Structure formats: C-alpha cells, structure tokens
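Asks: what shape does this take:
(chains A and B)
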Amino acid sequence: MTDRTAVAHADPRLGDHACLDAESRAYGVPLLSFEGIWRHWGRGRDRWAVLRDINLQLPPGTAACVRGCNGAGKTTLLRIATGILAADRGTVTVDQLTAAHSWREYHRRIGFVSAGDRGLYARVSVRGHLEYFAAQLFVPRAERERVVAASLERFGLLELAQRRADRLSQGQRQRLRIAASLMHSPRVLLLDEPRNSLDGDGLETLNGAVSELVAGGGAVIWCAPAGEDQAFPFDQMWVIEDGTLVAE
Amino acid sequence: MNVLSMYAGAILATIRRDAAIFVSYRFRVVTQILGVLFSLTTFYYIAKLVRPDAVGARGQYYAFVVVGVVIMSVLTAALTTAQIVRTELMQGNFERIMISPLGPIGGVVALAAFPVLYSTAFAGVMLLLAVALYGVPLHAAGIPLALVVGALGALAFTCIGLMFVSALLAFKSSVGPAWVIAGLSLLGGAYFPVKLFPEWIRWASEVQPFTPTVDLLRHQLVGTASLQPVELELLKLAAFTMVLVPIAITVLRLAVNTSRRRGTIMEF
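Replies: Numbers count the residues shown, from 1 in each chain, chains lettered A, B, ... in the order given. Okay, here's the model as predicted:
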C-alpha cells in the first residue's frame, strides 16, 4: 500500500496508472505484453506470415530493442501494438488493457513515433502542433500550457515555436514528432526508427527521454534497422528473423 | 476533468487547427465571396425569366432558389468529409488520429466539424448578401426555428458524409459524394419545386433529409408555402437525424475494424 501511495504521489496525473504500475512491479505483471501474435499479408496463394507467434513481455522499467532487416515486420509489430492494425491471432496488452476493449485508456498509456517524417501539418506552427496534440492526447486543459512549454524546452524547439512545420529541417521535424509522442506522459513508448535525421543533441535528448520513462517504471520498444549502432543501453535485445522474434 | 470534456476539448482543438490552416490561405475567403456574388447575380437574372407564379406568390423564385443554393453549400461541405480524410491519409496524419485516445470515430467526427460549421456560418453570410444586394425578403421571426432546422439538417448531412468516409476506409473509394450531391439537389428541390416532378418519382424526395431541410428553411426564412405542415416536416427531419446518427457511427466503426483487420487502414 505504501508503494502505491508513493508512486501515485510522485505524479498525481497518473492516478490509476500509478496503482497498476505498483501492482505490476509487485506481482511481476508485464506492462506491455505480446502474446502469440500472428499477422499475415496478402491473399490466397500470395498470403504470407510476416509475424509468427510473437511473444514478448516488458515489465515496468524495461527498454527493449527490436532489430530487423527492411521488411522484417518491425513496423507491423508496432502498428499492432498501437491498435492501428489488428493481429490475425494473439493479444497485445498494456497495463492488462487491450485496444479492442479499452481504446481510450489503452491509448492514454502509449506514445508512438512512426517511421519517416509524416504526421505534421505543413501550415501549422510548432507550438500549434503541440497545443493540438496535447488536446488530442487528452492532456487536461489546466496542464496543457505547462506541458507545451516543457516540450518546447526539452526538445530544443523554443526558438522554432512560431515556425511552420513545412519550414523545419528533417531533424527539427523529428524532434517535434518525438515531443508530440511524449506530451501525455505515456507509460509505454513505441519508437519506429526514431533516429531519423536527428543530430547528436537530438539523439541525446531522445535517449534522456527514454531513460526517464524507463526509470519512472515505463516500458520502451525501440525498433531499429539491422546494422544500426546501438543507441541506448537496452535491457532486452531482439531481432525479427523470418517473422519470429529471436533473442540477440 | 471528465471524459466528455476531454472529447470535446480534442474536437475543439481540431476545429481550431483547421481554422488556423484555413485562414493561412489569405485569399480563400475573398475568392469564396466572389464566387457567391457571381452565383447570386446569375440566379437573380435567371429568376427574371421564370414564370411569375412558378413558386408560390408572384416573383418568389429568387428567394426560393437562394435558400436552395445556400443549403447546397452545407450539403457539399458535409458530404466531402471523405476527401478530407483521404488527404489526412495521404499526408500520414490519420495515423496520429488512430493512436490517440480520441480514436478513429471521434477523430473523423472532429475532421468533419470545421467544414460543416464554417459552411453553415458562410451560408448565413450568403443569405445576408442576397438580402442586402438583391432585396430577398428575410422573415426575422422565422430565424430561431430556422437555426434549429439548419442544425438538424447539418447533422443529418454529416451522417451521410460519415458513410462516405466508411466507404473510403473500407473500399478506398470516394467517388460517391459528387453524384449524391447532384442527386439530392435534384430530388430535394434545391433549384425548383419538387411538385414539378412526375408522380412516379416524387417518393424519392420524401426519403432523404434534404427535402424537409430546404423546404422548412424556405418556409421560415422567406415565407414560401411548405410542402406539408411545419410540425410534420420538423418531425420527419428529426427522425431522419436520429436514425442516421447511430447508423453512421456503426457503419464507420465496422469500416475501421474491417480495414484494421485487412491491414489497409493507412492506405489510400
């Protein structure tokens, strides 16, 4: 009970999340769990399994790296975790919730940075994006201004706050995309090749954000292409080969 | 902060964002007003060619057609929501909607909100221009009920728009709205009274929400005779809306789940 109170007190916004987290630690319940995930692409004779019986459990305070060649299924795995795609078989749970049954609460707990540089509005300013994303991610109204200011500061976007997204460099766009994925203090962060165009400072900021989330009892999956340098001291290292997850 | 206010906050934020994008194109409003002026002027002269007693009392055709043109702009905005969703898909922004607590259903409704609200407000501006420039006789006493009718009509049209979004997500096709807009303008009597139709096709003007909307608005705003008693038409419009809302949401949910299963939801 003391543990619950301590965690909940640390960040009152977390509320039930904090209680669940304390229970998860106490009973060894994974924060993020993939159980028997299968996903096929194509139809008929052209149908093939891109993911075969994926099982992965991330307890609170864990960072995992998932590597794979191009087309190995990393993005598919993360898209299933976000609920964008449905698995053909198997279940993904976050805090024991599934996207199918608790869409809102499930998605309040996850942050996602997709591969590439899309997902921004060309004519909207950096600040405008963060204000919009804060509301879309259900950050309480009273906290939005503070959260936006903190995100601008943390990701080195203060001087760019009024600049339109189409006038940002690729690296600046990536900082904005990462900032947006963390505004609601997610418990689980899913990163799909997040180093995209980040400079040294940007990578350091990202690593700092990941470290902080893990230290706070969160879980992170960082997908990276095969051969990329290890960017972070991960707790688990995996590789997707022929649709299966193999410890590296 | 309760859940409803979070949904409302997210939808309001989407409206603010779309408004910011809209005003960033500085000449858009100017070109829209110019387009409206050309349209109002064209119909002003066409009305002079129409038989004096063609619509209700002598010389009422201009007021009749102006209300039709005004409602068409709201219908068009609502039914082209699928194009907005398609643009979001192409730009990769729909993914952000999918992964938010707001979810795909709330997200699509939020995307429809600004165009429908803006077109409704702009419809009022069009009507005022017709009053100021061409002396359309506006009945001030009818405005309160007209606002209710306008809101119900806009909601019903939005539901039809959501069904096209469903078709877009499920089948990657958004070719329907153009012919539905044309069909509703014809069958709903946007430009001429439905009583001119032959008997055998008149039923078609009874089975969609456009006819009661445009007929009630005409009756309230410019005093043309309504096709049926006002209470009955209002009831029909409310019934259409109440039936269309759950159908639209259910169909959209089915389309989202189907395309999540197929893996095509982010395709366009």
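
Asks: where does the stretch 151-268 of chain B come near chain A, residue by residue?
Replies: With the criterion set to Cβ under 8 Å from any Cβ of the partner chain, the stretch 151-268 of chain B comes near chain A through B:257, B:260, B:261, B:263, B:265, B:266. Yep, even glycine has a C-beta here, placed from its N, CA and C like the rest.

Asks: for the record, mean pLDDT for stretch A:161-171?
Replies: Mean per-residue pLDDT for stretch A:161-171: 97.

Asks: please apply the same query to stretch B:187-196.
Replies: What stretch B:187-196 shows for mean pLDDT is 90.

Asks: ok, back up a step: could you pick out the buried ones from the residues of the stretch 151-268 of chain B next to chain A?
Replies: For these, a burial check counting by 16 or more other Cβ atoms under 10 Å in any protein chain shown picks out B:257, B:260, B:263, B:265, B:266.

Asks: thinking again about what came up before, helices - which of the residues of the stretch 151-268 of chain B next to chain A land there?
Replies: B:257, B:260, B:261 (DSSP state H).

Asks: which other helices and strands contact the lengthiest helix in chain A?
Replies: As assigned by DSSP H, the longest helix anywhere in chain A is helix A:200-215. Contacts defined by 3 or more Cβ pairs under 8 Å, 6 or more residues apart in numbering or on different chains; DSSP states H and E place helix A:200-215 against strand A:62-68, helix A:170-182, strand A:188-192, strand A:219-225.

Asks: between the buried ones among the residues of the stretch 151-268 of chain B next to chain A, which is closest to chain A?
Replies: For those, the residue nearest chain A by Cβ to the nearest Cβ is residue B:260; the value is 4.4 Å.

Asks: and the closest residue to that closest one other than its chain neighbours, what does it touch?
Replies: Of all residues not flanking residue B:260 in the chain, residue A:86 sits nearest, at 4.4 Å (Cβ to Cβ, 6 or more residues apart in numbering or on different chains). If you count contacts by Cβ atoms under 8 Å, 6 or more residues apart in numbering or on different chains, residue A:86 has them with A:80, A:100, B:257, B:260, B:261.

Asks: for the residues you listed, name the two members farthest from one another.
Replies: By the measure Cβ to Cβ, A:80 and B:257 form the most distant pair in the contacts of residue A:86, at 14.1 Å.

Asks: from the contacts of residue A:86, pick the one nearest residue A:210.
Replies: residue A:80 (21.1 Å).

Asks: doesn't that closest one lie inside a helix?
Replies: Yes: if the criterion is DSSP: H, G, I helix; E, B strand; the rest coil, then residue A:80 is within a helix.

Asks: same list, the ones in helices among the residues of the stretch 151-268 of chain B next to chain A, but as CSV with distance to residue B:66 please.
Replies: Formatted as CSV, those follow (distance: Cβ to Cβ, whole Å):
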residue, distance to residue B:66
B:257, 43
B:260, 45
B:261, 48
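
Asks: save those residues as a markdown table, and put in pLDDT too.
Replies: Below are these laid out as a markdown table (pLDDT from 0 to 100):
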| residue | pLDDT |
| --- | --- |
| B:257 | 95 |
| B:260 | 94 |
| B:261 | 94 |
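
Asks: re the thing from before, quick one: which of the helices and strands packed on helix A:200-215 is nearest chain B?
Replies: Chain B lies closest to helix A:170-182 among these, at 7.8 Å (Cβ to the nearest Cβ).

Asks: give the other helices and strands that that closest one contacts.
Replies: If contacts are counted by 3+ Cβ pairs under 8 Å, 6+ apart, helix A:170-182 sits against strand A:110-113, helix A:126-136, helix A:141-154, helix A:200-215.
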